[in-house]
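Chemist: Next one to model:
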Amino acid sequence: MKKACLFILIISVLAGCQLTTHQKSLGQINQNYDRLNDIWDGYELSERYLGYLDSRGALHLVSENAPDSGFSQLENGVWLSDARYEDLTGWIYVNRQFSPLVTASVTRALDPPHQMLTFLVHEDFHGYQRTDFENESVSTLSALDIGDFELARLIALLRIERALLDQALGAPTNELKFQLLTAYMSVRHWRMARLPTEFVRQEKAIETTEGTAEWVGREAAEILGIPVVGVPSISHGLKMNFEEADENFAARLVNKRVYHTGAALAELADQLDIPDWQNRIKAGENVLDIFSDQVAMSPAEMERVAEEFFTSKEFQDLYEAAKSIEFDDSSAAEANEWVSRYRWQVTLTFPSADSAGNPQKLTTTSMSRVEIPITRGIFLPMVMQLNFESENYQGELRGATLILPSKQDGPRQIVIYTNRVERSGANLPVGNYEFPLEEIEIPRMNVSNGGVVNVQVEEVVLFE
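Modeler: Take a look at the predicted model:
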């Protein structure tokens with residue numbers, strides 16, 4: 001054991017194993033495994049490793065399972081690594097393998113510690129989705145086409161839908177909850193039938209992936225006694241006017257909203273005891289469609305209910321108010337302001353199978369202050385952190401400008417904008433190449449494990 005770790009352990013013993021505030025927060029998880037394991041069928045927090053990295057790079061974990069020999073046990077199921085991970089300076093790492101026995105979701109030592117736990121469980125559930133959900137391929141947030149649907153009418157409908165969900169959450173009886181849910185389903189199905197298929201697909205996919213993770217995180221927070229959680233917090237999110245936020249088109253219409261609508265639908269499924277709803281989502285259904293067999297109305301009846309809403313004074317008031325909201329979908333122009341700073345765009349294409357034909361799934365975790373939807377996917381300027389990994393690849397981008405293309409069948413890609421791209425110290429000219437990822441040199445990208453990838457180097461092309 002290193003001297004520093006031995007010193008920490010001795011001090012801990014002399015002080016009666018006094019844990020830091022962040023370590024105590026992890027210990028709360030250990031003390032509540034029985035209840036935490038009941039949140040989602042199959043998601044056993046006691047079998048997973050969660051934790052944080054402190055300012056020295058030491059890894060603090062909580063788990064019922066003892067990790068490898070390179071960890072010192074503190075108390076309440078909290079473990080401290082002998083090793084230091086100074087190179088891991090990002091905010092979040094999901095399903096990161098630290099040793100043969102330890103694959104963990106870890107964050108920085110965020111303050112306040114109790115909010116760190118909510119964030120950590122939310123992100124770790126995404127890690128569970130990646131490995132255990134049948135249809136985890138949530139679409140990357142990208143430019144949204146609403147076709148010829150009138151924007152003011154769409155905004156009014158979205159607000160009516162959120163109001164109905166909010167009322168259903170707080171309804172005193174299941175009968176009233178089902179009535180409000182039926183009204184909600186009627187309005188939403190009317191809307192979805194008139195929007196482009198891709199808009200509806202993205203909305204439902206993101207709503208399921210992010211909404212269920214949001215719900216699981218809030219359920220965990222409630223068990224751990226973290227304030228302002230559970231249904232009141234979901235209700236608060238449903239009351240927010242996302243459409244009036246100073247953000248881009250997709251963020252205002254879909255991206256921020258569906259965290260809360262998805263969590264609300266998950267909460268309603270739980271309140272109403274929808275049969276096997278969690279395993280149905282795990283098997284590939286989305287969180288909206290698990291209610292389809294609960295609504296005893298024909299499509300024609302649902303259409304009639306929706307039409308009744310449109311003649312109400314409440315809808316007309318929302319509709320008139322929505323007309324005054326200004327939308328300027330200037331995503332391409334905004335992205336071009338960033339792209340014009342670079343000379344090259346480098347597309348990394350990761351194979352969907354290894355040389356033996358075994359499927360290979362690349363996963364990404366990103367944190368960015370700015371997300372700009374474009375037709376191709378999501379544009380991330382000066383990304384705070386993007387981790388990508390699979391069995392044969394592992395790397396990180398920090399401060400780079402890039403595109404995460406929308407997920408489609410076939411190989412995954414990352415497009416990086418840069419003023420320098422080299423291979424083994426020599427400039428890499430325009431062209432198409434195949435070589436080990438570890439040989440490419442791009443500023444702000446670090447690779448720790450790299451099989452062969454396709455590398456396409458092009459001059460920067462502005463978006464139209």
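
Chemist: so where do the helices sit in this protein?
Modeler: Secondary structure of the chain by DSSP state H: the helices cover 3-14, 21-31, 33-36, 113-132, 151-170, 174-192, 197-223, 231-238, 249-250, 257-271, 277-282, 299-310, 313-323, 331-339.

Chemist: Return the most buried member of those helices.
Modeler: helix 257-271 (a mean of 24; mean count of other CB atoms under 10 Å). Where you see a C-beta, it was placed from the backbone N, CA and C, and this is true even at glycine.

Chemist: Now find how far off-centre that helix is within its chain.
Modeler: 15 Å (CA atoms, centre = their mean, to the nearest Å).

Chemist: swap in stretch 213-225?
Modeler: Remark: stretch 213-225 is offset 15 Å from the chain centroid, using CA atoms, centre = their mean.

Chemist: just stretch 284-296 next, same as before
Modeler: Using CA atoms, centre = their mean, the offset of stretch 284-296 from its chain centre is 22 Å.

Chemist: if we can go back for a sec, okay if I get the helices of the chain as CSV plus mean pLDDT?
Modeler: Below are the helices of the chain laid out as CSV (pLDDT from 0 to 100):
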stretch, mean pLDDT
helix 3-14, 39
helix 21-31, 92
helix 33-36, 97
helix 113-132, 91
helix 151-170, 94
helix 174-192, 95
helix 197-223, 93
helix 231-238, 83
helix 249-250, 67
helix 257-271, 96
helix 277-282, 97
helix 299-310, 88
helix 313-323, 92
helix 331-339, 89
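
Chemist: Could I get the CA-only coordinates of stretch 431-441 as CSV?
Modeler: Provided in CSV are the C-alpha atoms of stretch 431-441 (Å, rounded to 0.1, in the frame of the first residue of the first chain):
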residue,chain,number,x,y,z
GLY,A,431,-7.7,11.6,-47.6
ASN,A,432,-9.2,8.4,-46.3
TYR,A,433,-7.2,6.0,-44.1
GLU,A,434,-7.4,3.0,-41.9
PHE,A,435,-5.0,2.6,-38.9
PRO,A,436,-5.0,2.1,-35.1
LEU,A,437,-6.8,5.0,-33.4
GLU,A,438,-3.8,5.4,-31.0
GLU,A,439,-1.7,6.6,-33.9
ILE,A,440,-3.8,9.7,-34.7
GLU,A,441,-2.9,12.9,-33.0
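
Chemist: pLDDT averaged over it, what's the number?
Modeler: Per-residue pLDDT over stretch 431-441 has a mean of 94.

Chemist: Can you name the residues in contact with it?
Modeler: Contacts to stretch 431-441, defined as CB atoms under 8 Å, 6 or more residues apart in numbering, come from residues 346, 348, 393, 395, 420-425, 428, 447, 449-457.

Chemist: Domain ranges for the chain, per the record?
Modeler: 3-127, 151-323, 331-459 (automatic domain parsing).

Chemist: For V78, see how far away N336 is.
Modeler: N336 sits 49 Å away from V78, going by CB to CB, to the nearest Å.

Chemist: An error on my part: the question was meant for R420.
Modeler: Taken as CB to CB, the span from R420 to V78 is 43 Å.

Chemist: The two: which has the busier surroundings?
Modeler: V78 (25 against 12; other CB atoms under 10 Å).

Chemist: List the residues that contact the more buried one.
Modeler: L19, Q23, L26, G27, N30, H60, L61, V62.

Chemist: which one of those is nearest H114?
Modeler: Nearest to H114 among the contacts of V78 is L26, at 11.1 Å by CB to CB.

Chemist: what about the spatially closest residue to that closest one that is not a sequence neighbour, how many neighbours?
Modeler: Closest residue to L26 in three dimensions, ignoring its sequence neighbours and counting by CB to CB, 6 or more residues apart in numbering: V62, at 4.0 Å. Close neighbours of V62, defined as other CB under 10 Å, add up to 28.

Chemist: Beta-bridge partners for V62, please?
Modeler: Beta bridges link V62 to L50, V78 when assigned by DSSP bridges.

Chemist: quick one: it and E75 touch, right?
Modeler: No - V62 lies out of contact with E75 (CB atoms under 8 Å); the separation is 10.8 Å.

Chemist: tell me, what's touching those two both at once?
Modeler: With CB under 8 Å, 6+ apart, V62 and E75 have common neighbours G27.

Chemist: ok, the residue nearest the centre of the chain to F199 distance?
Modeler: The residue lying closest to the centre of the chain (CA atoms, centre = their mean) is E210, at 5.4 Å. According to CB to CB, E210 stands 16 Å off from F199.

Chemist: What of T208?
Modeler: Distance from T208 to F199, by CB to CB: 15 Å.

Chemist: quick one: V102 from N135, how far?
Modeler: 28 Å.

Chemist: Counting neighbours, go ahead and name the busier of these two.
Modeler: V102 (21 against 15).

Chemist: Identify the nearest residue to the more buried one in space, disregarding sequence-adjacent positions?
Modeler: P67 (4.8 Å).

Chemist: Tell me how many other residues crowd that neighbour.
Modeler: Count around P67 with other CB under 10 Å applied: 20.

Chemist: Can you give the distance of stretch 388-401 from its chain's centre?
Modeler: Using CA atoms, centre = their mean, the offset of stretch 388-401 from its chain centre is 17 Å.

Chemist: Which residue ranges of the stretch 301-450 of the chain form strands?
Modeler: Secondary structure of the stretch 301-450 of the chain (DSSP state E, counting those that start in this stretch): strands at 344-350, 363-367, 372-374, 377-380, 385-389, 393-397, 401-405, 412-418, 422-423, 426-427, 431-436, 440-441, 445-450.

Chemist: Can you list the helices and strands that the second one packs against?
Modeler: Think strand 363-367. The contact analysis (3 or more CB pairs under 8 Å, 6 or more residues apart in numbering; DSSP states H and E) places strand 363-367 against strand 92-97, helix 113-132, strand 385-389.
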